[in-house]
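Novice: Based on what follows, work out the 3D shape:
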Amino acid sequence: MKHKSTLVWLRRDLRVFDHVALHQALQDSDKVHCVFIYDTTILDPLPRQDRRADFIHASLAEVDAELRQLGGCLLARHGDPLTEIPALAAELKVDAVYCNHDYEPQAIARDAAVARALEADDRALVGFKDQVVFEKSEVLSQTGGVFSVFTPYKNAWLKKLDADPSVIAPFHIEPHAARLAPPPKGAKLPTLKQLGFEPSNLAELKIPTGMSGAAQLFDDFLARIADYKTARDFPAVKGPSYLSLHFRFGTLSVRHLVRTVVDLMARGSGGDGAAVWLSELIWREFYAMILFHHPHVAGAAFKPAYDAIEWETGKQADELFAAWCEARTGYPLVDAAMLQLNQTGYMHNRLRMVTACFLIKDLGIDWRRGEAYFALHLNDFDLASNNGGWQWAASSGCDAQPYFRIFNPVKQSEKFDGAGKFIRRYLPQLSHLSDKEIHAPWLHARDEKLDYPAPVVMHDEARKRTLERYEVVKQVKPADA
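Specialist: Numbers count the residues shown, from 1 in each chain. Predicted coordinates for the structure are as follows:
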């Protein structure tokens, strides 16, 4: 395929290295333009101070600078891609628009509409795999079916990678960079203010942005990846990679990460942590595959029987939900986790499970309400992973925890924040309590009055109500976690 000119549409791939669509466009075309659309259908409903908008803006500045070093630039438009992409393609007189695949239902519908508009103008939309190693139906069971359990999927994923390591080979940009279209006169990116946003606390939180930020975080993680298996569960410990935000916006290459970790494992380095972290990357692709094949999960249970559950509604349920959102549940680990989310846009993965299970199985609130709250506040919000995590906690998803496995928030606190270090960081009013008292302050009455609420529910009582609530799905005997 040879084009006179092509437009590369960046979306969840905000980088200039190991970029499939850009690589292919440079190979297929005499001249290549690059564009990012500030999608008003996504951005308009957001608060005016949004860390994700801030992150995108900073990351695109780095993309533009990198492209300019190579002789090109990044164009930017602010509007609806359904009109902006066809209009820009016509303005630039390109033969085709190249992009990397997105697997969310709304994105698939958007791309289909853009493709129709381009086709009507005798142009093509050409898509490529970039944000995952294996997509759509590339990993299937031996009978050709779609996996709904993680471990068999993971085994098939690893077997497929072992059979064809070329799937993680890099897609080089520099050798073909001379085909980048030169910057139009006066071309520059819009400011945050021009986009209708104000600076967030992104810089204050010292969250690294862009390609350089992703590289910095990955280098830091590689130095401690061997401890990941154990350290990942303790929120007061520097255990995670902190790369989830960069995965979300593609400032890193998943192929580069997998290549690096697989190489570590082949050399006997990385300890148990490297294999466990690779497994986490495969979970990400598992959930993306589930969303692609079962788009109904975006609004309903993966297992239809679970849609029969009757969740708490009305004024009391709304008050309980507000207490959860505002970190007023009376359970210190839950509240500290919610404060971490509200203040930083990040929540430790162990705490995502704890807070989700508490909302669903202690408060009896529909998992979709929690999912939507996370979607609004998480910097790294990804529909497939967020939905998969919430349905896991609700027991309604594929390969989810059984409904009778109900996290005890106090036991979780004692096990994963035993010294209360994480709790004290976000709830300093509890700092004077002992390491034993801090997990359940109401059990250790003191003369002084704590500046902290009593529990909104008692776990043992809530657990009984949950088992009754889930009777509708006809599962088996209960057990506490």
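Novice: what ranges of the protein fall below the confidence cut-off?
Specialist: 1, 445-448, 475-481 (pLDDT under 70).
Novice: Could you chop it up by domain?
Specialist: Per the record's domain assignment (automatic domain parsing), the chain is made up of the domains 3-131, 132-168+211-293, 304-480.
Novice: closest to Asn201 out of these?
Specialist: domain 3-131 (7.2 Å; CB to CB). C-beta here means a position set from N, CA and C on the backbone, and glycine is covered the same way.
Novice: if we can go back for a sec, would you reformat the domains of the chain as a markdown table and include distance to Lys188?
Specialist: Converted to a markdown table, the domains of the chain look like this (distance: least, CB to CB, whole Å):
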| stretch | distance to Lys188 |
| --- | --- |
| domain 3-131 | 8 |
| domain 132-168+211-293 | 20 |
| domain 304-480 | 26 |
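Novice: Please identify which of those is closest to Pro199.
Specialist: Of those, nearest to Pro199 by CB to CB is domain 3-131, at 6.3 Å.
Novice: hmm, back to that, the domains of the chain: which one's closest to Gly196?
Specialist: domain 3-131 (6.7 Å).
Novice: The stretch 201-350 of the chain: helices as residue ranges?
Specialist: 210-222, 228-231, 244-249, 254-266, 271-293, 315-325, 332-344, 349-357 (DSSP state H, counting those that start in this stretch).
Novice: So which elements touch the third one?
Specialist: In this case it means helix 244-249. helix 51-69, helix 210-222 (3 or more CB pairs under 8 Å, 6 or more residues apart in numbering; DSSP states H and E).
Novice: most packed of these?
Specialist: helix 51-69 (a mean of 20; mean count of other CB atoms under 10 Å).
Novice: that older thread, any chance of the helices and strands packed on helix 244-249 in JSON lines, plus distance to Leu339?
Specialist: As requested, the helices and strands packed on helix 244-249 are exported to JSON lines (distance: least, CB to CB, whole Å):
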{"stretch": "helix 51-69", "distance to Leu339": "16"}
{"stretch": "helix 210-222", "distance to Leu339": "23"}
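Novice: Could you list every helix and strand in contact with the strand or helix carrying His33?
Specialist: Under the criterion of DSSP states H and E, His33 resides in strand 29-39. Using 3+ CB pairs under 8 Å, 6+ apart as the contact test, the elements touching strand 29-39 are strand 3-10, helix 20-28, helix 51-69, strand 74-79, helix 81-92.
Novice: in the helix or strand following it, what's buried?
Specialist: The helix or strand immediately downstream of strand 29-39 is helix 40-43, counting by DSSP H and E. Across helix 40-43, burial judged by 16 or more other CB atoms under 10 Å covers 40, 42-43.
Novice: between those, which is closest to Gly127?
Specialist: Using CB to CB, the buried residues of helix 40-43 come closest to Gly127 at Ile42, 19.0 Å.
Novice: looking at the helices of the stretch 201-350 of the chain, which is closest to Cys99?
Specialist: helix 244-249 (14.7 Å).
Novice: ok, residues contacting that closest one?
Specialist: The contact list for helix 244-249 (CB atoms under 8 Å, 6 or more residues apart in numbering) reads 12, 14, 55-56, 59, 207, 213-214, 217, 252, 254, 284, 346, 379-382.
Novice: what does stretch 341-355 give?
Specialist: Residues from elsewhere that reach stretch 341-355, judged by CB under 8 Å, 6+ apart: 51-52, 205, 232-235, 240, 242, 245, 324-327, 333-334, 337-338, 340, 370, 374, 377-380, 389, 392-393, 407, 409, 412, 416, 422, 426.
Novice: what do you get for stretch 138-152?
Specialist: In contact with stretch 138-152 (CB under 8 Å, 6+ apart) are residues 137, 153, 156-157, 160, 282-283, 285-286, 289-290, 293, 302, 398-399.
Novice: State the pair within these that is farthest apart.
Specialist: Pairwise across those, and taking CB to CB, the largest span is found between Lys160 and Phe302, at 23.5 Å.
Novice: Please identify which of the two sits among more neighbours.
Specialist: Remark: of Lys160 and Phe302, Phe302 carries more neighbours, 22 against 15, as counted by other CB atoms under 10 Å.
Novice: and the gap between that one and Trp390?
Specialist: 11 Å (CB to CB, to the nearest Å).
Novice: what do you get for Val457?
Specialist: 20 Å.
Novice: next one: Asp460
Specialist: The value you get for Asp460 to Trp390, if CB to CB is used, is 24 Å.
Novice: The two: which has the busier surroundings?
Specialist: Using other CB under 10 Å, the more surrounded residue of Asp460 and Trp390 is Trp390, with 26 against 9.
Novice: That one: what's its closest spatial neighbour, skipping adjacent residues?
Specialist: Excluding the flanking residues, the one nearest Trp390 by CB to CB, 6 or more residues apart in numbering is Glu371, at 4.2 Å.
Novice: could you give the angle of the helix or strand containing the one you found to helix 349-357?
Specialist: If you go by DSSP H and E, Glu371 is part of helix 367-377. Using axes from the mean of the first three to the mean of the last three CA atoms, to 10 degrees, the inter-axis angle of helix 367-377 relative to helix 349-357 is 140 degrees.
Novice: Flag every buried residue along helix 367-377.
Specialist: In helix 367-377, counting by 16+ other CB under 10 Å, buried: 367-371, 373-374, 377.
Novice: Format those as TSV; extra columns: distance to Ala89.
Specialist: As requested, these are exported to TSV (distance: CB to CB, whole Å):
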residue	distance to Ala89
Trp367	41
Arg368	37
Arg369	40
Gly370	40
Glu371	35
Tyr373	38
Phe374	36
His377	35
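Novice: quick check, nearest of these to Phe358?
Specialist: Checking these one by one against Phe358 (CB to CB), the nearest turns out to be Gly370, at 9.3 Å.
Novice: surely that closest one meets Leu359?
Specialist: Yes - when contacts are counted by CB atoms under 8 Å, Gly370 is listed as touching Leu359 (4.6 Å).
Novice: What backbone torsions are found at the residue nearest the centre of the chain?
Specialist: For the chain, the residue nearest the mean C-alpha position is Asp382 (3.5 Å; CA atoms, centre = their mean). The phi and psi values for Asp382, taken as degrees, to the nearest 10, are phi -130, psi 120.
Novice: ok, it to Glu104 distance?
Specialist: Applying CB to CB to Asp382 and Glu104 gives a distance of 9 Å.
Novice: just Leu22 next, same as before
Specialist: Leu22 is 21 Å from Glu104, by CB to CB.
Novice: likewise Ile406?
Specialist: 31 Å.
Novice: the more surrounded of the two?
Specialist: Ile406 (25 against 18).
Novice: returning to what we had before: looking at the helices and strands packed on strand 29-39, which is nearest to Asp122?
Specialist: Using CB to CB, these put helix 81-92 closest to Asp122, at 10.1 Å.
Novice: ok now that closest one, how far from the chain's centre?
Specialist: The chain centre lies 29 Å from the centre of helix 81-92; the measure is CA atoms, centre = their mean, to the nearest Å.
Novice: Mind listing what's buried along it?
Specialist: 81-82, 84-86, 88-89, 92.
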